[in-house]
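Visitor: Got a sequence here, can you model it:
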Amino acid sequence: MKNLTSEFMLTILRDAVSLYSPPQEERGVAEYLVTQASQLGWNSYRDEAGNFVAERGSGSPVVYFLGHIDTVPGEIPVRIEDGKLYGRGSVDAKGATVAFLCGASLLAADHPGTLRIIGAVEEEGPTSKGARFAVEHYPAPDYLIIGEPSGWDKVTLGYKGSVQLSYRAEQEKSHGASQWASVGTLACELYHRITTIPELAKITADSPFYAVTKTVRTLNTQDDDLRESVDMYLTLRLPPDVDAAQLRRELEAFEYPGEITVHEILNAVRCPKSGPLVAAFRKAIKAQQGNPRTSLKTGTSDMNIVVPVWQCPCLAYGPGDSSLDHTPHEHIEIEEFQRSIRIIHNALEMLLN
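Guide: Predicted coordinates for the structure are as follows:
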């Protein structure tokens, strides 16, 4: 087994970040992490979905780490400057996955309990293939840690839900001064009217986590001499009080010119502030001179998929500033990465014992 020095841990992260891995192109980084985990004493492999999996220990408690090894598209030159590692995935979310692998590897080889690391594929894609495979094929753990950037001194206890919609309309062209709405106007009016659906209209909160928010991802109009068409892709972020199944039924019954298609819909998820898992991370953060805090995120993660099925205590943790996710400036502070490894190690020691 290799000696896990700070330099070696940074090398693992740098090499993992250097392996470009947008959705459906994760094989290279998965195989690299399998090799590194094996050299650190783990039973590691790629599962049928292509996830990186590493296991060690036996018995209770059973602790899972579920991160993801894919990234959004867009390569960033990998480099270290001024104590920062730049590169796509350094924050979202290879940093968290490598930090957990390293932190857990620092445990004594005969530690009590069972650890399973899952570096999921296609979290950044529309399928969430890796997490869906995991929740269908691996038994529920006693504790679950989602690998997403929270900052070294903070844990995330919830994510908003979401619905992905597409809208298409096509019609004969009309004069610009006529009473008939153009397809572009229809799309814009739908953007405003969508929140009149009862399951959304009941939400009156205006704080970010508890409000309904809307984002137009794409909006394109086309026309020729006789006809015009519009295609719009819309994302709604949903607070906990929205029931996704009821919303789907209402959207499918919503009468509006054109065609509305629901592609994916997820309930919001919120985990308790108390319990052994949160307590272990609070104590571990304090041991590193931090002031432990909790947060609720306005995006989604694999937590939305697995917690409703596994029904276990859960939080999300990982080094990095999440405001850098998906940006051309993505980078992680090396000191924060190393500090998060110590926190993960200490939290696991408390949790397993």
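Visitor: now stretch 40-60: how far from the chain's centre is it?
Guide: 20 Å (CA atoms, centre = their mean, to the nearest Å).
Visitor: gap between the two ends of it?
Guide: 22 Å (CA to CA, to the nearest Å).
Visitor: again with stretch 109-126
Guide: 38 Å.
Visitor: Per the annotation, how does the protein divide into domains?
Guide: 6-159+269-352, 161-266 (automatic domain parsing).
Visitor: And those, which one averages the lowest pLDDT?
Guide: For the domains of the chain, mean pLDDT drops lowest on domain 161-266, to a mean of 93.
Visitor: returning to what we had before: now the domains of the chain in CSV, please, with extra columns for mean neighbour count.
Guide: All C-beta atoms are positioned from the backbone trio N, CA, C, and that covers glycine. Shown next, in CSV, are these (neighbours: other CB atoms under 10 Å):
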stretch, mean neighbour count
domain 6-159+269-352, 20
domain 161-266, 15
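Visitor: hey, C-alpha coordinates of the helix or strand harbouring residue 347 in CSV?
Guide: According to DSSP states H and E, residue 347 maps onto helix 334-352. Presented in CSV, the C-alpha positions along helix 334-352 are these (Å, rounded to 0.1, in the frame of the first residue of the first chain):
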residue,chain,number,x,y,z
ILE,A,334,-5.1,23.2,-2.2
GLU,A,335,-5.1,24.0,1.5
GLU,A,336,-8.9,23.6,1.5
PHE,A,337,-8.6,20.3,-0.3
GLN,A,338,-6.1,19.0,2.3
ARG,A,339,-8.1,20.3,5.2
SER,A,340,-11.2,18.6,3.9
ILE,A,341,-9.3,15.3,3.9
ARG,A,342,-8.5,15.7,7.6
ILE,A,343,-12.2,16.5,8.3
ILE,A,344,-13.4,13.5,6.4
HIS,A,345,-10.9,11.2,8.2
ASN,A,346,-11.9,12.5,11.6
ALA,A,347,-15.6,12.4,10.9
LEU,A,348,-15.4,8.8,9.7
GLU,A,349,-13.4,7.8,12.8
MET,A,350,-16.2,9.2,15.0
LEU,A,351,-19.0,7.7,12.9
LEU,A,352,-17.5,4.2,12.7
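Visitor: Show me what that helix is packed against.
Guide: Applying 3 or more CB pairs under 8 Å, 6 or more residues apart in numbering; DSSP states H and E, one finds that helix 334-352 contacts helix 6-18, strand 62-68, strand 84-86, helix 94-105, strand 113-120, helix 276-287, strand 314-317.
Visitor: separation between the closest residue in space to residue 318 that isn't next to it in sequence and residue 204?
Guide: Nearest non-adjacent residue to residue 318, counting by CB to CB, 6 or more residues apart in numbering: residue 96, 2.8 Å away. Here the criterion is CB to CB, to the nearest Å. By it, residue 96 lies 35 Å from residue 204.
Visitor: Count the neighbours of the closest residue to residue 240 other than its chain neighbours for me.
Guide: Once flanking residues are discounted, residue 240 sits nearest to residue 268: 4.3 Å by CB to CB, 6+ apart. Counted with other CB atoms under 10 Å, the neighbours of residue 268 add up to 23.
Visitor: Touching, residue 268 and residue 243? I think so.
Guide: No: counting by CB atoms under 8 Å, residue 268 sits too far from residue 243 to count as a contact (10.1 Å).
Visitor: Now do the contacts for residue 311.
Guide: residue 140 (CB atoms under 8 Å, 6 or more residues apart in numbering).
Visitor: please begin residue numbering at 33 from this point
Guide: In the new count, where the first residue is 33, that last one comes out as residue 343.
Visitor: how close does it get to residue 301?
Guide: For residue 343 relative to residue 301 (CB to CB), the value is 11 Å.
Visitor: Work out for me the element the residue lying closest to residue 337 once chain neighbours are set aside sits within.
Guide: With sequence-adjacent residues excluded and distances taken as CB to CB, 6+ apart, residue 337 is closest to residue 163, at 4.7 Å. Here residue 163, judged by DSSP H and E, is contained in helix 161-169.
Visitor: so what strands line up beside the helix or strand that that helix is followed by?
Guide: Going down the chain from helix 161-169, the next helix or strand is strand 175-179, by DSSP H and E. Partner strands and pairing direction for strand 175-179 (DSSP bridges) are strand 94-100 (parallel), strand 346-349 (parallel).
Visitor: Any idea which of those strands gets closest to residue 167?
Guide: Nearest of the strands paired with strand 175-179 to residue 167, taken as CB to CB: strand 94-100 at 9.1 Å.
Visitor: what's the helix or strand following the closest one in contact with?
Guide: Per DSSP H and E, the first helix or strand lying C-terminal to strand 94-100 is strand 111-113. Identification of contacts with strand 111-113 by CB under 8 Å, 6+ apart yields 46, 117-119, 366.
Visitor: circling back: angle of the helix holding residue 379 against strand 175-179?
Guide: 170 degrees (axes from the mean of the first three to the mean of the last three CA atoms, to 10 degrees).
Visitor: so helix 366-384 versus helix 126-137, what angle?
Guide: Interaxial angle of helix 366-384 relative to helix 126-137 (the same axes, to 10 degrees): 50 degrees.
Visitor: any idea of the angle helix 366-384 forms with helix 38-50?
Guide: 100 degrees.
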